[in-house]
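Colleague: I need the structure of the sequence given here:
(chains A and B)
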Amino acid sequence: MEKSFGTIKVKRGLAQMLKGGVIMDVTSVEQAKIAEEAGAVSVMALERIPADIRKQGGVARMADPKLIKDIMNAVTIPVMAKVRIGHFAEAQVIEAIGVDFIDESEVLTPADEIHHINKWDFKVPFVCGARNLGEALRRIAEGAAMIRTKGEPGTGNIVEAVKHMRLVMDEIRKIQNMSEEELYQEAKELQSPIELVKEVKGLGRLPVVNFAAGGIATPADASLMMQLGADGIFVGSGIFKSSNPRKRAKAIVSATTYFDDPKIVAKVSEDLGEEMPGIDIRELEETEKMQTRGE
Amino acid sequence: MKIGVLALQGDVSEHIKMIELAGANAVPVKTIENIKKIDGLIIPGGESTTIGKLIKNYKLEVIIKERINKGMPVYGTCTGMILLAKKIQRFEQFTFDILDITVVRNAFGRQVDSMEIDLDVKGFDSKFHAIFIRGPVAINLGPDVEVLSSIPEGAVFLRQNNILVSSFHPELGNDIRIHRYFLDMIKK
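Modeller: Sure, this is the predicted structure:
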(Lines give C-alpha, C1' and ligand atoms only; values in the text may rest on other atoms or scores of the structure.)
Protein backbone atom coordinates (compact mmCIF):
# COMPACT_ATOMS: atom_id res chain seq x y z
CA MET A 1 0.00 0.00 0.00
CA GLU A 2 1.71 3.16 -1.20
CA LYS A 3 1.44 6.18 1.08
CA SER A 4 2.10 9.74 -0.16
CA PHE A 5 3.02 12.31 2.48
CA GLY A 6 3.11 16.12 2.40
CA THR A 7 1.00 16.37 -0.76
CA ILE A 8 -0.85 19.53 -1.73
CA LYS A 9 -4.19 17.91 -0.76
CA VAL A 10 -2.90 16.85 2.64
CA LYS A 11 -1.41 20.29 3.35
CA ARG A 12 -4.40 22.31 2.19
CA GLY A 13 -6.65 19.69 3.81
CA LEU A 14 -5.46 20.45 7.34
CA ALA A 15 -6.33 24.13 6.78
CA GLN A 16 -9.78 23.01 5.59
CA MET A 17 -10.25 21.10 8.86
CA LEU A 18 -9.61 24.35 10.78
CA LYS A 19 -12.39 26.28 9.00
CA GLY A 20 -14.96 28.00 11.16
CA GLY A 21 -12.54 27.87 14.06
CA VAL A 22 -10.30 30.15 16.12
CA ILE A 23 -6.50 29.86 16.26
CA MET A 24 -5.02 31.49 19.35
CA ASP A 25 -1.53 32.85 20.07
CA VAL A 26 -0.09 31.36 23.26
CA THR A 27 3.23 31.88 25.02
CA SER A 28 3.10 29.13 27.67
CA VAL A 29 1.75 25.65 28.37
CA GLU A 30 -0.80 27.16 30.72
CA GLN A 31 -2.14 29.52 28.03
CA ALA A 32 -2.24 26.66 25.50
CA LYS A 33 -4.42 24.65 27.88
CA ILE A 34 -6.75 27.62 28.42
CA ALA A 35 -7.03 28.02 24.63
CA GLU A 36 -7.83 24.34 24.08
CA GLU A 37 -10.33 24.34 26.93
CA ALA A 38 -12.05 27.39 25.38
CA GLY A 39 -12.47 25.54 22.06
CA ALA A 40 -9.54 26.81 19.94
CA VAL A 41 -8.95 24.65 16.83
CA SER A 42 -5.21 25.25 17.03
CA VAL A 43 -2.66 27.24 18.98
CA MET A 44 0.25 29.33 17.71
CA ALA A 45 3.25 28.79 19.98
CA LEU A 46 5.17 32.05 20.46
CA GLU A 47 7.70 33.52 22.86
CA ARG A 48 6.09 36.97 22.80
CA ILE A 49 2.68 37.99 21.53
CA PRO A 50 2.60 40.68 18.82
CA ALA A 51 1.61 43.50 21.23
CA ASP A 52 4.76 42.85 23.29
CA ILE A 53 6.99 42.49 20.22
CA ARG A 54 5.66 45.87 19.13
CA LYS A 55 6.29 47.43 22.54
CA GLN A 56 9.68 45.89 23.32
CA GLY A 57 11.21 46.19 19.85
CA GLY A 58 14.42 44.37 18.92
CA VAL A 59 14.71 41.41 16.57
CA ALA A 60 11.84 38.92 16.92
CA ARG A 61 12.82 35.35 16.01
CA MET A 62 11.29 31.86 16.06
CA ALA A 63 10.42 30.57 19.54
CA ASP A 64 12.60 28.26 21.63
CA PRO A 65 12.04 24.68 20.35
CA LYS A 66 11.70 23.54 23.99
CA LEU A 67 8.71 25.84 24.52
CA ILE A 68 7.09 24.63 21.28
CA LYS A 69 7.63 20.98 22.25
CA ASP A 70 6.18 21.53 25.72
CA ILE A 71 3.08 23.07 24.18
CA MET A 72 2.79 20.21 21.65
CA ASN A 73 2.85 17.74 24.53
CA ALA A 74 0.24 19.66 26.51
CA VAL A 75 -2.60 19.83 23.95
CA THR A 76 -4.26 17.49 21.42
CA ILE A 77 -5.15 20.22 18.88
CA PRO A 78 -2.66 21.06 16.11
CA VAL A 79 0.21 23.37 17.04
CA MET A 80 1.54 26.13 14.79
CA ALA A 81 4.75 28.12 15.11
CA LYS A 82 6.09 31.25 13.43
CA VAL A 83 9.29 31.66 11.45
CA ARG A 84 10.81 34.81 10.00
CA ILE A 85 10.01 35.66 6.36
CA GLY A 86 12.58 33.94 4.15
CA HIS A 87 14.27 32.07 7.02
CA PHE A 88 14.09 28.55 5.63
CA ALA A 89 16.54 27.22 8.24
CA GLU A 90 14.16 28.23 11.05
CA ALA A 91 11.42 26.45 9.07
CA GLN A 92 13.59 23.31 8.82
CA VAL A 93 14.05 23.38 12.60
CA ILE A 94 10.33 23.81 13.22
CA GLU A 95 9.50 21.00 10.79
CA ALA A 96 12.02 18.74 12.52
CA ILE A 97 10.25 19.28 15.84
CA GLY A 98 7.03 18.00 14.25
CA VAL A 99 4.92 21.16 14.36
CA ASP A 100 1.66 20.83 12.38
CA PHE A 101 1.67 24.22 10.58
CA ILE A 102 4.28 26.95 10.03
CA ASP A 103 3.39 30.64 9.85
CA GLU A 104 5.92 32.54 7.74
CA SER A 105 5.10 35.71 9.55
CA GLU A 106 5.59 39.46 9.23
CA VAL A 107 5.13 39.66 13.01
CA LEU A 108 8.73 38.43 13.34
CA THR A 109 11.61 40.47 11.94
CA PRO A 110 12.13 39.49 8.27
CA ALA A 111 15.30 37.50 7.52
CA ASP A 112 15.18 38.05 3.76
CA GLU A 113 13.96 41.30 2.23
CA ILE A 114 13.44 39.83 -1.24
CA HIS A 115 12.62 36.12 -1.07
CA HIS A 116 10.02 34.18 0.82
CA ILE A 117 10.62 30.52 1.72
CA ASN A 118 10.12 27.99 -1.07
CA LYS A 119 7.36 26.21 0.78
CA TRP A 120 7.12 23.35 -1.73
CA ASP A 121 10.36 22.03 -0.20
CA PHE A 122 8.53 21.13 3.02
CA LYS A 123 6.14 18.37 4.09
CA VAL A 124 4.62 20.60 6.76
CA PRO A 125 2.01 23.11 5.49
CA PHE A 126 2.56 26.90 5.65
CA VAL A 127 0.24 29.83 6.28
CA CYS A 128 1.23 33.32 5.08
CA GLY A 129 -0.20 36.81 5.47
CA ALA A 130 -1.57 38.85 2.57
CA ARG A 131 -3.02 42.33 2.18
CA ASN A 132 -4.45 41.85 -1.31
CA LEU A 133 -5.10 39.20 -3.93
CA GLY A 134 -1.73 39.55 -5.67
CA GLU A 135 0.14 38.97 -2.44
CA ALA A 136 -2.08 35.98 -1.59
CA LEU A 137 -1.52 34.37 -5.00
CA ARG A 138 2.25 34.93 -4.84
CA ARG A 139 2.35 33.14 -1.49
CA ILE A 140 0.20 30.29 -2.87
CA ALA A 141 2.55 30.06 -5.87
CA GLU A 142 5.43 29.64 -3.39
CA GLY A 143 3.53 26.77 -1.77
CA ALA A 144 1.44 28.32 1.02
CA ALA A 145 -1.45 25.99 1.96
CA MET A 146 -3.40 28.67 3.80
CA ILE A 147 -3.68 32.47 3.70
CA ARG A 148 -4.59 34.98 6.38
CA THR A 149 -5.07 38.72 6.22
CA LYS A 150 -2.15 40.62 7.68
CA GLY A 151 -4.16 43.31 9.43
CA GLU A 152 -1.92 45.29 11.76
CA PRO A 153 -0.79 42.80 14.41
CA GLY A 154 -0.67 43.65 18.10
CA THR A 155 -2.86 46.75 17.84
CA GLY A 156 -6.25 45.39 18.93
CA ASN A 157 -7.56 47.46 16.01
CA ILE A 158 -9.59 45.63 13.37
CA VAL A 159 -9.45 48.34 10.71
CA GLU A 160 -6.54 46.94 8.68
CA ALA A 161 -7.85 43.36 8.71
CA VAL A 162 -11.18 44.67 7.40
CA LYS A 163 -9.38 46.61 4.68
CA HIS A 164 -7.36 43.55 3.58
CA MET A 165 -10.31 41.14 3.63
CA ARG A 166 -12.56 43.53 1.70
CA LEU A 167 -9.84 44.16 -0.87
CA VAL A 168 -9.22 40.44 -1.51
CA MET A 169 -12.97 39.76 -1.85
CA ASP A 170 -13.39 42.77 -4.14
CA GLU A 171 -10.51 41.68 -6.38
CA ILE A 172 -11.96 38.16 -6.60
CA ARG A 173 -15.35 39.53 -7.67
CA LYS A 174 -13.63 41.68 -10.29
CA ILE A 175 -11.84 38.65 -11.75
CA GLN A 176 -15.09 36.69 -11.88
CA ASN A 177 -16.51 39.33 -14.22
CA MET A 178 -13.49 39.38 -16.53
CA SER A 179 -13.30 37.72 -19.91
CA GLU A 180 -10.57 35.15 -20.54
CA GLU A 181 -8.30 37.58 -22.45
CA GLU A 182 -8.50 40.19 -19.68
CA LEU A 183 -7.09 37.67 -17.20
CA TYR A 184 -3.58 37.83 -18.72
CA GLN A 185 -3.29 41.57 -18.13
CA GLU A 186 -4.79 41.11 -14.66
CA ALA A 187 -2.19 38.44 -13.82
CA LYS A 188 0.50 40.88 -14.87
CA GLU A 189 -0.93 43.61 -12.66
CA LEU A 190 -1.34 41.24 -9.73
CA GLN A 191 2.22 39.95 -10.32
CA SER A 192 0.80 36.45 -9.99
CA PRO A 193 0.82 33.29 -12.14
CA ILE A 194 -1.95 33.21 -14.75
CA GLU A 195 -2.91 29.63 -13.76
CA LEU A 196 -3.80 30.81 -10.25
CA VAL A 197 -5.74 33.80 -11.58
CA LYS A 198 -7.75 31.43 -13.79
CA GLU A 199 -8.32 29.13 -10.84
CA VAL A 200 -9.67 32.02 -8.75
CA LYS A 201 -12.08 32.93 -11.56
CA GLY A 202 -13.32 29.33 -11.71
CA LEU A 203 -13.70 28.89 -7.96
CA GLY A 204 -14.91 32.40 -7.08
CA ARG A 205 -12.58 32.27 -4.08
CA LEU A 206 -8.93 31.62 -3.19
CA PRO A 207 -7.83 28.05 -3.90
CA VAL A 208 -6.82 27.73 -0.22
CA VAL A 209 -8.49 28.56 3.09
CA ASN A 210 -8.41 32.27 4.00
CA PHE A 211 -8.49 33.32 7.67
CA ALA A 212 -8.72 36.78 9.23
CA ALA A 213 -5.85 37.97 11.42
CA GLY A 214 -4.42 41.14 12.90
CA GLY A 215 -6.30 43.22 15.45
CA ILE A 216 -9.21 40.94 16.40
CA ALA A 217 -10.08 41.62 20.06
CA THR A 218 -13.82 41.05 20.61
CA PRO A 219 -16.56 38.53 19.71
CA ALA A 220 -18.13 41.14 17.42
CA ASP A 221 -14.76 41.55 15.64
CA ALA A 222 -14.78 37.80 14.92
CA SER A 223 -18.38 37.93 13.68
CA LEU A 224 -17.56 40.90 11.44
CA MET A 225 -14.64 39.11 9.79
CA MET A 226 -16.65 35.92 9.28
CA GLN A 227 -19.46 37.92 7.67
CA LEU A 228 -16.92 39.59 5.38
CA GLY A 229 -16.03 36.11 4.12
CA ALA A 230 -13.21 34.86 6.35
CA ASP A 231 -13.01 31.06 6.71
CA GLY A 232 -11.90 31.40 10.34
CA ILE A 233 -10.11 33.61 12.85
CA PHE A 234 -6.64 34.11 14.29
CA VAL A 235 -6.50 35.94 17.62
CA GLY A 236 -3.08 37.14 18.65
CA SER A 237 -2.78 39.58 21.51
CA GLY A 238 -6.56 40.02 21.89
CA ILE A 239 -7.08 37.17 24.34
CA PHE A 240 -4.11 37.06 26.69
CA LYS A 241 -3.79 40.87 26.86
CA SER A 242 -7.39 41.14 28.12
CA SER A 243 -8.47 40.98 31.76
CA ASN A 244 -10.36 37.66 31.53
CA PRO A 245 -8.69 35.45 28.86
CA ARG A 246 -10.68 32.30 29.67
CA LYS A 247 -14.05 33.93 29.22
CA ARG A 248 -13.00 36.05 26.23
CA ALA A 249 -11.46 33.06 24.41
CA LYS A 250 -14.66 31.05 24.81
CA ALA A 251 -16.78 34.03 23.71
CA ILE A 252 -14.72 34.54 20.53
CA VAL A 253 -15.08 30.82 19.68
CA SER A 254 -18.87 31.06 20.07
CA ALA A 255 -19.05 34.25 18.02
CA THR A 256 -17.05 32.59 15.23
CA THR A 257 -19.39 29.56 15.07
CA TYR A 258 -22.60 31.61 15.45
CA PHE A 259 -21.31 34.69 13.58
CA ASP A 260 -24.65 35.01 11.78
CA ASP A 261 -26.73 34.98 14.98
CA PRO A 262 -26.49 38.44 16.64
CA LYS A 263 -28.40 37.22 19.72
CA ILE A 264 -25.67 34.71 20.52
CA VAL A 265 -22.89 37.23 19.75
CA ALA A 266 -24.64 39.69 22.09
CA LYS A 267 -24.96 37.13 24.87
CA VAL A 268 -21.31 36.08 24.79
CA SER A 269 -20.15 39.71 24.60
CA GLU A 270 -21.62 40.48 28.04
CA ASP A 271 -19.36 41.20 30.99
CA LEU A 272 -16.03 40.18 29.41
CA GLY A 273 -14.02 42.73 31.38
CA GLU A 274 -11.31 44.97 29.94
CA GLU A 275 -10.23 44.48 26.33
CA MET A 276 -6.59 44.83 25.38
CA PRO A 277 -5.73 48.52 25.05
CA GLY A 278 -5.86 49.41 21.36
CA ILE A 279 -3.69 51.53 19.08
CA ASP A 280 -4.97 54.00 16.49
CA ILE A 281 -3.27 52.95 13.23
CA ARG A 282 -2.93 56.62 12.21
CA GLU A 283 -0.61 57.16 15.17
CA LEU A 284 1.81 54.49 13.92
CA GLU A 285 4.88 55.58 11.96
CA GLU A 286 5.32 53.79 8.61
CA THR A 287 8.40 52.03 10.02
CA GLU A 288 6.34 50.67 12.93
CA LYS A 289 3.92 48.86 10.62
CA MET A 290 4.38 45.10 10.36
CA GLN A 291 2.02 44.60 7.41
CA THR A 292 4.42 46.16 4.88
CA ARG A 293 7.04 43.48 5.55
CA GLY A 294 7.37 40.88 2.77
CA GLU A 295 5.22 41.71 -0.23
CA MET B 1 -34.50 14.37 0.94
CA LYS B 2 -32.48 16.91 2.94
CA ILE B 3 -29.05 16.24 4.41
CA GLY B 4 -27.74 18.39 7.24
CA VAL B 5 -24.02 19.01 7.71
CA LEU B 6 -23.20 19.88 11.32
CA ALA B 7 -21.78 23.40 10.92
CA LEU B 8 -20.15 24.15 14.28
CA GLN B 9 -16.65 24.01 12.76
CA GLY B 10 -14.78 22.11 10.05
CA ASP B 11 -15.01 21.35 6.33
CA VAL B 12 -18.76 21.87 5.98
CA SER B 13 -18.90 23.33 2.45
CA GLU B 14 -16.83 20.43 1.07
CA HIS B 15 -19.47 17.93 2.25
CA ILE B 16 -22.33 20.06 0.91
CA LYS B 17 -20.64 20.11 -2.49
CA MET B 18 -20.21 16.30 -2.51
CA ILE B 19 -23.86 15.67 -1.54
CA GLU B 20 -24.97 18.00 -4.32
CA LEU B 21 -22.72 16.17 -6.80
CA ALA B 22 -24.30 12.91 -5.61
CA GLY B 23 -27.71 14.36 -6.44
CA ALA B 24 -29.29 15.49 -3.16
CA ASN B 25 -29.68 18.70 -1.16
CA ALA B 26 -27.51 19.56 1.82
CA VAL B 27 -27.70 22.44 4.28
CA PRO B 28 -25.47 23.55 7.16
CA VAL B 29 -27.15 22.89 10.54
CA LYS B 30 -26.20 24.30 13.93
CA THR B 31 -29.44 24.64 15.92
CA ILE B 32 -31.91 22.18 17.48
CA GLU B 33 -34.67 23.40 15.12
CA ASN B 34 -32.52 22.72 12.00
CA ILE B 35 -31.52 19.28 13.23
CA LYS B 36 -35.18 18.28 13.69
CA LYS B 37 -35.88 18.87 10.00
CA ILE B 38 -33.23 16.73 8.27
CA ASP B 39 -33.28 13.16 6.90
CA GLY B 40 -29.60 12.44 7.43
CA LEU B 41 -26.67 14.10 9.25
CA ILE B 42 -23.01 14.47 8.32
CA ILE B 43 -20.51 15.26 11.07
CA PRO B 44 -17.63 16.78 9.06
CA GLY B 45 -13.90 16.84 9.53
CA GLY B 46 -12.64 19.41 12.01
CA GLU B 47 -11.18 19.48 15.49
CA SER B 48 -13.02 16.92 17.63
CA THR B 49 -12.16 18.68 20.89
CA THR B 50 -13.63 21.96 19.59
CA ILE B 51 -16.76 20.47 18.00
CA GLY B 52 -17.40 18.32 21.09
CA LYS B 53 -17.29 21.39 23.33
CA LEU B 54 -19.63 23.37 21.07
CA ILE B 55 -22.12 20.45 20.96
CA LYS B 56 -22.22 20.51 24.75
CA ASN B 57 -22.24 24.30 25.18
CA TYR B 58 -25.11 24.73 22.72
CA LYS B 59 -27.02 21.67 24.01
CA LEU B 60 -27.20 19.80 20.71
CA GLU B 61 -26.23 16.50 22.34
CA VAL B 62 -29.72 15.24 23.22
CA ILE B 63 -31.42 15.97 19.90
CA ILE B 64 -28.61 14.48 17.79
CA LYS B 65 -28.37 11.33 19.91
CA GLU B 66 -32.15 10.90 20.00
CA ARG B 67 -32.45 11.19 16.22
CA ILE B 68 -29.61 8.71 15.64
CA ASN B 69 -31.15 6.26 18.12
CA LYS B 70 -34.46 6.53 16.27
CA GLY B 71 -32.74 5.52 13.04
CA MET B 72 -31.65 8.73 11.27
CA PRO B 73 -28.58 7.86 9.17
CA VAL B 74 -25.42 9.67 10.20
CA TYR B 75 -22.03 9.81 8.47
CA GLY B 76 -18.97 10.99 10.39
CA THR B 77 -15.60 11.77 8.80
CA CYS B 78 -12.51 11.75 11.03
CA THR B 79 -13.82 14.01 13.81
CA GLY B 80 -17.26 12.49 13.22
CA MET B 81 -15.81 9.02 13.83
CA ILE B 82 -14.27 10.20 17.11
CA LEU B 83 -17.45 11.91 18.31
CA LEU B 84 -19.69 8.89 17.60
CA ALA B 85 -17.39 6.32 19.25
CA LYS B 86 -18.00 4.67 22.61
CA LYS B 87 -14.34 4.80 23.66
CA ILE B 88 -11.34 6.99 22.91
CA GLN B 89 -7.92 5.61 23.67
CA ARG B 90 -5.86 7.77 26.09
CA PHE B 91 -8.06 10.90 25.87
CA GLU B 92 -10.96 12.16 27.97
CA GLN B 93 -13.40 13.97 25.73
CA PHE B 94 -17.06 14.29 24.84
CA THR B 95 -18.57 11.61 22.56
CA PHE B 96 -22.12 10.49 21.71
CA ASP B 97 -21.14 7.05 23.06
CA ILE B 98 -23.07 5.19 20.38
CA LEU B 99 -20.69 3.43 17.93
CA ASP B 100 -19.17 0.27 19.39
CA ILE B 101 -15.48 0.91 18.67
CA THR B 102 -12.39 2.26 20.39
CA VAL B 103 -10.84 5.16 18.51
CA VAL B 104 -7.10 5.72 18.43
CA ARG B 105 -6.69 9.44 17.80
CA ASN B 106 -3.87 10.74 15.59
CA ALA B 107 -3.10 7.07 14.89
CA PHE B 108 -0.45 7.88 12.30
CA GLY B 109 1.27 10.74 14.14
CA ARG B 110 1.24 14.48 13.54
CA GLN B 111 0.53 16.51 10.38
CA VAL B 112 3.78 15.51 8.61
CA ASP B 113 2.46 11.92 8.80
CA SER B 114 -0.86 12.84 7.11
CA MET B 115 -1.12 11.01 3.79
CA GLU B 116 -2.97 9.81 0.72
CA ILE B 117 -3.53 6.05 0.10
CA ASP B 118 -5.51 3.94 -2.37
CA LEU B 119 -7.87 1.75 -0.34
CA ASP B 120 -9.79 -1.42 -1.11
CA VAL B 121 -13.40 -0.86 -0.05
CA LYS B 122 -15.95 -3.64 0.34
CA GLY B 123 -18.54 -3.39 -2.44
CA PHE B 124 -16.54 -0.94 -4.60
CA ASP B 125 -15.21 -2.32 -7.90
CA SER B 126 -12.05 -0.18 -7.87
CA LYS B 127 -9.79 1.38 -5.25
CA PHE B 128 -10.85 4.51 -3.38
CA HIS B 129 -8.28 7.31 -3.16
CA ALA B 130 -8.33 8.31 0.51
CA ILE B 131 -6.94 11.45 2.15
CA PHE B 132 -6.01 11.12 5.83
CA ILE B 133 -5.42 14.32 7.88
CA ARG B 134 -4.15 13.62 11.40
CA GLY B 135 -6.58 10.73 11.15
CA PRO B 136 -7.84 8.21 13.73
CA VAL B 137 -8.36 4.45 13.33
CA ALA B 138 -10.85 2.10 14.99
CA ILE B 139 -9.94 -0.97 17.06
CA ASN B 140 -11.88 -3.33 19.39
CA LEU B 141 -14.89 -3.44 17.08
CA GLY B 142 -18.24 -4.55 18.51
CA PRO B 143 -20.30 -7.42 17.03
CA ASP B 144 -22.65 -5.10 15.08
CA VAL B 145 -19.82 -3.22 13.36
CA GLU B 146 -19.19 -4.07 9.71
CA VAL B 147 -15.72 -3.21 8.39
CA LEU B 148 -15.83 -1.70 4.89
CA SER B 149 -12.12 -0.93 4.70
CA SER B 150 -9.08 -1.43 6.88
CA ILE B 151 -5.32 -0.97 6.87
CA PRO B 152 -2.69 -2.56 9.14
CA GLU B 153 -3.16 0.18 11.81
CA GLY B 154 -6.90 -0.52 12.17
CA ALA B 155 -10.33 -0.13 10.56
CA VAL B 156 -10.78 3.10 8.58
CA PHE B 157 -14.27 2.81 7.05
CA LEU B 158 -17.07 1.10 8.90
CA ARG B 159 -20.77 0.84 9.51
CA GLN B 160 -23.00 -0.03 12.44
CA ASN B 161 -26.63 -0.09 11.20
CA ASN B 162 -27.52 3.60 10.49
CA ILE B 163 -24.07 4.89 11.47
CA LEU B 164 -21.32 5.23 8.85
CA VAL B 165 -17.83 6.55 9.66
CA SER B 166 -14.50 7.01 7.89
CA SER B 167 -11.07 7.99 9.22
CA PHE B 168 -10.34 9.72 5.93
CA HIS B 169 -11.92 12.59 4.01
CA PRO B 170 -13.74 11.69 0.77
CA GLU B 171 -15.04 15.29 0.74
CA LEU B 172 -11.51 16.53 -0.08
CA GLY B 173 -11.43 14.51 -3.32
CA ASN B 174 -13.75 14.09 -6.31
CA ASP B 175 -14.93 10.51 -5.82
CA ILE B 176 -18.60 10.64 -4.77
CA ARG B 177 -19.07 6.91 -4.15
CA ILE B 178 -19.03 7.15 -0.36
CA HIS B 179 -21.48 10.06 -0.28
CA ARG B 180 -23.69 8.12 -2.69
CA TYR B 181 -23.46 5.08 -0.39
CA PHE B 182 -24.63 7.29 2.49
CA LEU B 183 -27.55 8.64 0.42
CA ASP B 184 -28.55 5.02 -0.35
CA MET B 185 -28.64 4.33 3.40
CA ILE B 186 -31.22 7.12 3.75
CA LYS B 187 -33.34 5.96 0.83
CA LYS B 188 -33.69 2.43 2.25
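
Colleague: Got the confidence number for A:Ser237?
Modeller: On the pLDDT scale, A:Ser237 is placed at 88.

Colleague: Make sure it is actually in contact with A:Leu46.
Modeller: No - with contacts defined as C-beta atoms under 8 Å, A:Ser237 does not count as touching A:Leu46, sitting 10.1 Å away. Every residue, glycine included, has its C-beta placed from N, CA and C.

Colleague: Quick check: neighbours shared by those two?
Modeller: Residues within reach of A:Ser237 and of A:Leu46 at once, by C-beta atoms under 8 Å, 6 or more residues apart in numbering or on different chains, are A:Asp25.

Colleague: more neighbours, these two?
Modeller: A:Leu46 (28 against 25; other C-beta atoms under 10 Å in any protein chain shown).

Colleague: Let's verify A:Gly278: helix, strand, or coil?
Modeller: Assigned state for A:Gly278: coil (three-state reduction, DSSP: H, G, I helix; E, B strand; the rest coil).

Colleague: Which parts of stretch A:26-46 count as buried, going by neighbours?
Modeller: With burial defined by 16 or more other C-beta atoms under 10 Å in any protein chain shown, the residues of stretch A:26-46 counted as buried are A:26-29, A:31-32, A:34-36, A:38-46.

Colleague: show me which of those neighbour chain B.
Modeller: Checked against chain B using C-beta under 8 Å from any C-beta of the partner chain, those yield the following neighbours: A:Glu36, A:Gly39, A:Ala40, A:Val41, A:Ser42.

Colleague: Taking those, tell me the two that lie furthest apart.
Modeller: A:Gly39 and A:Ser42 (11.2 Å; C-beta to C-beta).

Colleague: Cross-reference the ones next to chain B among the buried residues of stretch A:26-46 with the helices and report the matches.
Modeller: A:Glu36 (DSSP state H).

Colleague: mind putting the ones next to chain B among the buried residues of stretch A:26-46 in TSV, pLDDT and distance to B:Pro28 included?
Modeller: As requested, these are exported to TSV (pLDDT from 0 to 100; distance: C-beta to C-beta, whole Å):
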residue	pLDDT	distance to B:Pro28
A:Glu36	97	25
A:Gly39	97	18
A:Ala40	98	21
A:Val41	98	17
A:Ser42	98	21
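
Colleague: Which ones among the ones next to chain B among the buried residues of stretch A:26-46 map onto strands?
Modeller: A:Ser42 (DSSP state E).

Colleague: Nearest to A:Lys241 among the ones next to chain B among the buried residues of stretch A:26-46?
Modeller: Nearest to A:Lys241 among these, with distances taken as C-beta to C-beta, is A:Ala40, at 16.1 Å.

Colleague: Relative to A:Glu142, how far out is the closest one?
Modeller: In this structure, A:Ala40 and A:Glu142 are separated by 27 Å, where distance is defined by C-beta to C-beta, to the nearest Å.

Colleague: Please apply the same query to A:Arg282.
Modeller: In terms of C-beta to C-beta, A:Arg282 sits 32 Å off from A:Glu142.

Colleague: now swap in A:Thr218 and tell me
Modeller: 33 Å.

Colleague: Over to A:Ala130?
Modeller: With distances defined as C-beta to C-beta, the gap from A:Ala130 to A:Glu142 amounts to 12 Å.

Colleague: which of the two has more neighbours?
Modeller: Legend: neighbour count by other C-beta under 10 Å for A:Ala130 and A:Glu142, higher for A:Ala130 (25 against 16).

Colleague: what's the closest non-adjacent residue to the more buried one?
Modeller: Taking C-beta to C-beta, 6 or more residues apart in numbering or on different chains as the measure, A:Ala130 lies nearest to A:Ala136, with 3.8 Å between them; neighbours along the chain are not counted.

Colleague: count of residues packed around the residue in the stretch 51-200 of chain A that chain B sits nearest to?
Modeller: Distances from the stretch 51-200 of chain A to chain B, computed as C-beta to the nearest C-beta, single out A:Asp100 as the nearest residue at 3.8 Å. Per other C-beta under 10 Å, the neighbour tally for A:Asp100 reads 21.

Colleague: Got the confidence number for it?
Modeller: For A:Asp100, the model assigns a pLDDT of 97.

Colleague: Make sure it is actually in contact with B:Arg134.
Modeller: Yes - between A:Asp100 and B:Arg134 there is a contact at 7.3 Å, judged by C-beta under 8 Å.

Colleague: Which residues are in contact with each of those two?
Modeller: Joint contacts of A:Asp100 and B:Arg134 (C-beta under 8 Å, 6+ apart) are A:Leu14, A:Pro78, B:Arg110, B:Gln111.
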